[in-house]
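Trainee: Could you work out the structure for the sequence below:
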Amino acid sequence: MNILSNNWWKKENTGKLALDVTATGGGATAFLYDNMIVVDFLNTATTASYVITTPMGFTVVDVHTQADVAATGAVIYVDNGSTHITSDVGGATDALITRTTSIVDSAATFLKGDNDLTISASATATAAPANSKVIISIKPT
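Mentor: Next up, the predicted model:
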């Protein structure tokens, strides 16, 4: 599916749309599901960065993670390429869901084609957040 306008959220049963991810320090996949962007980390190293394409305009309204493995000490942020827009959402234990406690409104809006939605992760060697999910709830703009 090719998104040509910011009316993508008005379509019924759009399913999922694959988003391009440029990964450093690990692999990842990203999909747009209705009003959520879901990013799956794959074999994340101790320091990783994932830049996700943004073919539509939106504002981040909520973020949470689910760790598939114990990641005590893992630190995960969502940012706009230069500013963290969430508090740390790193997972501490297997299958723990961690929700952001704050969002920086002034940095949470992305324009169509900005392509600077970034997830940064870091941890000690024994706490890498491998095989985790970051779920970003968005409001179309």
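Trainee: Could you pull up the residues touching I37?
Mentor: Residues in contact with I37 (CB atoms under 8 Å, 6 or more residues apart in numbering) are 19, 30-31, 52, 117, 135-136, 138. The C-beta positions use only the backbone N, C-alpha and C, and glycine is treated the same way.
Trainee: Then T118?
Mentor: With CB under 8 Å, 6+ apart, T118 has these contacts: 49-52, 78-81.
Trainee: count of neighbours near T98?
Mentor: Other residues near T98 number 22, with proximity taken as other CB atoms under 10 Å.
Trainee: and it, how far is that from V38?
Mentor: 15 Å (CB to CB, to the nearest Å).
Trainee: same check, this time on T54
Mentor: Distance of T54 to V38, given as CB to CB: 14 Å.
Trainee: For the two, indicate the residue with more neighbours.
Mentor: For T54 versus V38, the count of surrounding residues by other CB under 10 Å is larger for T54: 21 against 15.
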